[in-house]
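In: my questions concern the predicted model and sequence given below.
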There are 2 protein chains.
Amino acid sequence: MALLDRINAPEDLKKFSPGEMTKLAEEIRKGILKRVNTLGGHLGPDLGIVEATIALHYVFNSPTDKFVFDVSHQCYPHKMLTGRKDGFVNPAGHSEISGYFNPAESEHDTFVIGHTSTSVSLATGVAKARDLKGEKHNVIALIGDGSLSGGEAYEGLNNASVLGSNIIIIVNDNEMSIAENQGGLYKNLELLRKTHGKAELNFFKTFGFDYYYVENGNDIQTLIEAFKKVKDTDKPTVVHIHTLKGKGYAPAVENKELGHWMTAGFMDEKENSSDKFSESYESITNKYISEKQKEDKTIMLISPATPGATAFGQEFRKSLGKNYTDVGIAEEHAIAYSSALAKNGCKPVLGILSSFVQRTYDQLSQDLALNNSPAAILVYWGGISPMDMTHLGCFDIPLISNIPNIVYLAPTCKEEYIRMLDWAVNQTEYPAAIRVPFGSFRVSGKEDTTDYSILNKSELVHSGSKVAILGLGSFFELGLKLADKLKETLKIDATVINPKFISGIDKELLAGLEKNHEVVITLEDGILNGGFGEKVAGFLGKTSMKVLNYGADKEFTDRVPLDELYKRYRLVPELIVEDIRNIL
Amino acid sequence: MALLDRINAPEDLKKFSPGEMTKLAEEIRKGILKRVNTLGGHLGPDLGIVEATIALHYVFNSPTDKFVFDVSHQCYPHKMLTGRKDGFVNPAGHSEISGYFNPAESEHDTFVIGHTSTSVSLATGVAKARDLKGEKHNVIALIGDGSLSGGEAYEGLNNASVLGSNIIIIVNDNEMSIAENQGGLYKNLELLRKTHGKAELNFFKTFGFDYYYVENGNDIQTLIEAFKKVKDTDKPTVVHIHTLKGKGYAPAVENKELGHWMTAGFMDEKENSSDKFSESYESITNKYISEKQKEDKTIMLISPATPGATAFGQEFRKSLGKNYTDVGIAEEHAIAYSSALAKNGCKPVLGILSSFVQRTYDQLSQDLALNNSPAAILVYWGGISPMDMTHLGCFDIPLISNIPNIVYLAPTCKEEYIRMLDWAVNQTEYPAAIRVPFGSFRVSGKEDTTDYSILNKSELVHSGSKVAILGLGSFFELGLKLADKLKETLKIDATVINPKFISGIDKELLAGLEKNHEVVITLEDGILNGGFGEKVAGFLGKTSMKVLNYGADKEFTDRVPLDELYKRYRLVPELIVEDIRNIL
């Protein structure tokens, strides 16, 4: 890795010859593959942006010039050029470096970034700050074609274009979102590619941007030339570069969707050991939708650009035909669209990740809940998690459950999930969301025949005394373990309750506990603030029972191992027993 | 009102001659003016859309054909043509009819609508439902040029354009948002108007829409011709009509911003009895910003298109020059932009209405809080209110206060507000939001010297015993009244606490209450679910004290008088005393 060794900061790159830069690109590619094969991570987006990143750092002067990368999942080459190559070439150093922008790591990362479509807005603020302070430097936003479908990107473009000073937006057009791009905009990008940017009809020019097109966005010298042309411009400018997603790793080029994000060890496996035949909440969902579609042509499965994450596989989507839509990265539209479908007699089912539900709060409230539209929303990846701070799944409970009219359900096992899914899809009274358990798959072996239209009815799983445990959704099992531990250590036969509903509490059941319980324990797989347990505490505040709420603190955690988080939040039977002992 | 009398449903309109329609337009205008003068309401948008509404109902067949109006604040003519003229011509019937779409009123209103930029997304869902069910009818979205700046509108356009079937989007271009339009898009609309739609560079065509332009959007017969041309089209189509906001009422045409929404009695007043010289939280804010700007050129006041509602008057904005930006209806951008300004050494102050904060949750979390950007956010109109169900201000507490890192403050009087504002603007550690009290203006007469960088420190206003009252922000006065009532009726000398911080509780103070208190009362001007009181209840759950939370239920209320809501939620000293008596 001779060449990369010579780069500790971007200025070192400026001494490189064209030939050296080409070789450097290959070294960077090897670094990307090495890291992703060790840790898992974004592959296609990073392989495609190698040359552009070299050219950007060659032409501009970071950190004086400011880069803002959209999502920043394509920042691996950037990190290698800004003093963090150990995160790529040296397996021991991989986990020290995150897969996203992080100012705590380096002054070359302008913001913590992980969600989509934010770069242009942020860059507009950076540029305005520069102007207010009378400084001179370039502000460069990098945004992928896929990210352009999000509303915030558009709001940013609309405002960046009238900034009246330097802002350079690099549109990295690799002809893909996470899956395929969706929407009319992409026909215009296609036209621009076909005409090498010469078509009169130009989305970016409608806003008034100066516009440049680079057909070979994987050629360093061509890119350098283009970037030199716009450097120090005093006008809002778009440079549209055409790149190849996955470049340099054939499987990621052949299947760009699968190559977007790869799990650790992908290069070592003989064949992709797919678990698609083992049962999971995801497989149950897809099977249910497929069967439903045979009898009901108004079923409509919707993904906001994350079909891979929700396991809506390519074959499955194809089999649904007109009954599947990917709306692109456009969560706001996804909810409004679902609401309208439901209100007009169809059966929309939206699959969305917990971390991205928060991109559409107003639509959940106004377009969906106010209209009481009976859409079904499946929330995936919810729960306390060891993920990056930008993709935590612990905020959806306060977000969804405090909006009127929405019924938010928490299944604890396969049987309940099937029953809830069937209810959510077929009922016509409420917006219904289900928190699909993430991680473990539990089979109770007992058919669920609950009528979920009777709202907020919890299940009394075991009737004991002194201590009552409410184990919500994926933490129901923790509740069972806690009950065992209480019996074992304090000889307490605790009551165990499966709340089932996140969006409301079973007041009758809770009030009835007072006659033979002293302590109520709530367990939830998310932040405590604004969540389920506090509602129980609020309701029981007038009783003589004590209430202990367990869940996550209000904090952004960054790649903290799950067992460490569980200890921190005392989500461990032994620790909870200790707390109970202290207040009994 | 002879002509309007003949219309009880849209089909009655179809028998009208062109001359009669022209006269009808005048009657409708009178109805608009009459209602707004009686109740207050949207004036300019409705006066401008009279002819288009007549033409739409003449050409299309509602409710078979489906109309979706953006914001729906321009629905007054539509309501008069769909059996609800009493809401306009008959003062006794005015309050029966709301100022927005409402399916509970009429089958001609397709959704409850009140927030901006939703119509295209909703209409896309309506059209897709039609296609799935094999039905045939037109789906028509009406959207103003101002609403086009919002991200959801764009996400909708991007998806509507590839629907592959009938959807007709009427762009009502009156050259205004609530205040002036902002952004590059509007230069393209200007170009299209200047060229009568013939310019090659066409925002709508970039998505692939069929496009038609109507220069005289206030001429019924021209509009009828245009709408007939696109009726039953099988392609996603945009009809861009140029209208005059406020048409028919000269003052609303002359000052389109002021004419957007008028208070009751505006036609009767000799002169506008402006209260701009009386002191208010709004006037204090503006004075502070003006003075700050003299010494610090990095201050930046930002409005997401609602400068009128936050009392950023025309003169005041002008005086700020480069230190004021209206970003258009683009709350997502507003937060990201503020975050970037703050992170780059400037002092952004964003003024936003409570009901619109929810349009930008993800940006509050990702762009702002994760980056710990020290922007100042002023939340106006927060609190339980008698407003339309689409514009309630009671959800911001759970929304903002459950996001990590954001400090959310609740001043109870002028002195605290000034101190908090000064702190929020000048500190560099936290995203800081302030809930500007709405309605009453309280002067304590006592300078506030609190250091708000010591987080979550409440003020012990009066140290009593037995009962402790936490009166949050605008409900602090209710707390004082409750204390008086407790003394008077139960002879209890209650402790009174001013929490000051919404985003965190004063654990030390609360825990210390246990030694001589039996009951803790929390009062908050918003919904209980996910709010402040439940956090107090959760924290005190392990103590022997009882906790009673007071605030609003989780429900959408629609124009319910405030005293009725207060009674419903027992937010009345007498009722709370009763509750306390029952549990002591």
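Out: Yep, that arrived. Numbers count the residues shown, from 1 in each chain, chains lettered A, B, ... in the order given.

In: roughly how far does the one residue in the stretch 201-350 of chain A that gets nearest to chain B sit from residue B:223?
Out: Residue of the stretch 201-350 of chain A nearest chain B, by Cβ to the nearest Cβ: residue A:340 (2.5 Å). C-betas here are computed from N, CA, C, even on glycine. The gap separating residue A:340 from residue B:223 is 26 Å, by Cβ to Cβ, to the nearest Å.

In: now the helix or strand where the residue of the stretch 201-350 of chain A closest to chain B lies: how far from the chain's centre is it?
Out: Residue A:340 belongs to helix A:331-343 when assigned by DSSP states H and E. Its chain's average C-alpha position is 19 Å from that of helix A:331-343, according to Cα atoms, centre = their mean, to the nearest Å.

In: need the next SSE after that helix, C-terminal direction.
Out: The helix or strand immediately downstream of helix A:331-343 is strand A:347-353, counting by DSSP H and E.

In: outside of that next one, which residues touch it?
Out: Strand A:347-353 is contacted from outside by A:285, A:289, A:292, A:296, A:298-304, A:306-307, A:309-310, A:312, A:331, A:334-335, A:337-338, A:341-342, A:375-381, A:391, A:393, A:424-426, B:125, using Cβ atoms under 8 Å, 6 or more residues apart in numbering or on different chains.

In: now the buried members of those.
Out: Those of the contacts of strand A:347-353 that meet the buried threshold are A:285, A:289, A:292, A:298-304, A:306-307, A:309-310, A:312, A:331, A:334-335, A:337-338, A:341-342, A:375-381, A:391, A:393, A:424-425, B:125, by 16 or more other Cβ atoms under 10 Å in any protein chain shown.

In: now do the helix holding residue A:340: which elements does it pack against?
Out: strand A:299-303, strand A:347-353, helix B:119-132, helix B:151-160 (3 or more Cβ pairs under 8 Å, 6 or more residues apart in numbering or on different chains; DSSP states H and E).

In: residues in contact with the closest residue in space to residue A:360 that isn't next to it in sequence?
Out: Excluding the flanking residues, the one nearest residue A:360 by Cβ to Cβ, 6 or more residues apart in numbering or on different chains is residue A:331, at 4.1 Å. Applying Cβ under 8 Å, 6+ apart to residue A:331 gives the contacts A:150, A:304, A:352, A:356, A:357, A:359, A:360, A:363.

In: cool, and residue A:178?
Out: Counting by Cβ under 8 Å, 6+ apart, the residues that residue A:178 touches are A:146, A:257, A:260, A:261, A:305, A:306, A:307, A:308, A:329.

In: pretty sure it sits in a helix.
Out: No - counting by DSSP: H, G, I helix; E, B strand; the rest coil, residue A:178 is not found in a helix; it is coil.

In: before we move on, the earlier item: so what's the residue of the stretch 201-350 of chain A closest to chain B closest to, chain neighbours aside?
Out: Nearest to residue A:340 is residue B:125, by Cβ to Cβ, 6+ apart, at 2.5 Å.

In: surely the one you found is in contact with residue A:337?
Out: Yes - using Cβ atoms under 8 Å, residue B:125 is in contact with residue A:337, at 4.2 Å.

In: what is the mean pLDDT for the helix holding residue A:340?
Out: Regarding helix A:331-343, the rounded mean pLDDT is 98.

In: what's the angle from it to helix B:331-343?
Out: 160 degrees (axes from the mean of the first three to the mean of the last three Cα atoms, to 10 degrees).

In: returning to what we had before: can you tell me how far the residue nearest to residue A:360 sits from residue B:152?
Out: Where residue B:152 is concerned, residue A:331 sits at a distance of 10 Å (Cβ to Cβ).

In: what sits in contact with each of these two?
Out: Shared contacts of residue A:331 and residue B:152, counting by Cβ under 8 Å, 6+ apart, come down to residue A:363.

In: residue contacts, the residue of chain A found nearest chain B?
Out: Scanning chain A for proximity to chain B using Cβ to the nearest Cβ identifies residue A:151 as nearest, at 1.8 Å. With contact set as Cβ under 8 Å, 6+ apart, residue A:151 has these partners: A:117, A:330, A:332, A:333, B:150, B:151, B:152, B:153, B:154, B:155, B:332.

In: same thing but 10 Å
Out: By Cβ atoms under 10 Å, 6 or more residues apart in numbering or on different chains, the contact list for residue A:151 reads A:117, A:329-333, A:359-360, B:117, B:121, B:150-156, B:158, B:330, B:332-333, B:359.

In: same question, residue A:110
Out: Per Cβ under 10 Å, 6+ apart, neighbours of residue A:110: A:62-63, A:66-69, A:72, A:101, A:103, A:119, A:122-123, A:126, A:139-141, B:340, B:343-344, B:371.

In: what is the mean pLDDT for whichever strand in chain A runs longest?
Out: Determined from DSSP state E, the single longest strand within chain A is strand A:517-527. Per-residue pLDDT values over strand A:517-527 give a mean of 98.

In: mind giving me the packing neighbours of it?
Out: helix A:396-401, strand A:466-471, helix A:476-490, strand A:495-498, helix A:532-540, strand A:546-552, helix A:573-583 (3 or more Cβ pairs under 10 Å, 6 or more residues apart in numbering or on different chains; DSSP states H and E).

In: can you list the strands that that strand pairs with?
Out: When pairing is defined by DSSP bridges, strand A:517-527 lines up against strand A:466-471 (parallel), strand A:546-552 (parallel).

In: as CSV, could you dump the C-alpha coordinates of the longest one?
Out: Once side chains and other backbone atoms are set aside, the C-alpha atoms of strand A:546-552 remain, and they are given as CSV (Å, rounded to 0.1, in the frame of the first residue of the first chain):
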residue,chain,number,x,y,z
LYS,A,546,-44.8,1.9,43.0
VAL,A,547,-43.8,1.9,39.3
LEU,A,548,-40.4,1.3,37.9
ASN,A,549,-39.9,2.0,34.2
TYR,A,550,-37.1,0.3,32.2
GLY,A,551,-36.0,1.2,28.8
ALA,A,552,-33.3,3.3,27.1
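
In: and the next helix or strand along the chain from it, is it in reach of chain B?
Out: The helix or strand immediately downstream of strand A:546-552 is helix A:562-568, counting by DSSP H and E. No - Helix A:562-568 lies out of reach of chain B by Cβ under 10 Å from any Cβ of the partner chain, never closer than 14.1 Å.

In: list the buried residues in helix A:562-568.
Out: For helix A:562-568, by 16+ other Cβ under 10 Å, it's A:565, A:566.

In: show residues contacting that helix.
Out: Contacts of helix A:562-568 (Cβ under 10 Å, 6+ apart): A:383-387, A:394, A:439, A:478, A:550, A:552-553, A:555, A:557, A:560-561, A:571-572, A:575.

In: mind giving me the domain ranges of chain A?
Out: A:2-262, A:282-435, A:459-583 (automatic domain parsing).

In: which residues in the stretch 101-250 of chain A form helices?
Out: Counting by DSSP state H, counting those that start in this stretch, one finds helices in the stretch 101-250 of chain A at the ranges A:119-132, A:151-160, A:185-194, A:203-206, A:220-230, A:250-254.

In: between the third one and helix B:151-160, how big is the angle?
Out: Right, helix A:185-194. 70 degrees.

In: also the second one?
Out: What separates the directions of helix A:151-160 and helix B:151-160 is an angle of 110 degrees, with the same axes, to 10 degrees.

In: most tightly surrounded among the helices of the stretch 101-250 of chain A?
Out: With neighbours defined as mean count of other Cβ atoms under 10 Å in any protein chain shown, the helices of the stretch 101-250 of chain A peak in mean count at helix A:151-160, which reaches a mean of 31.
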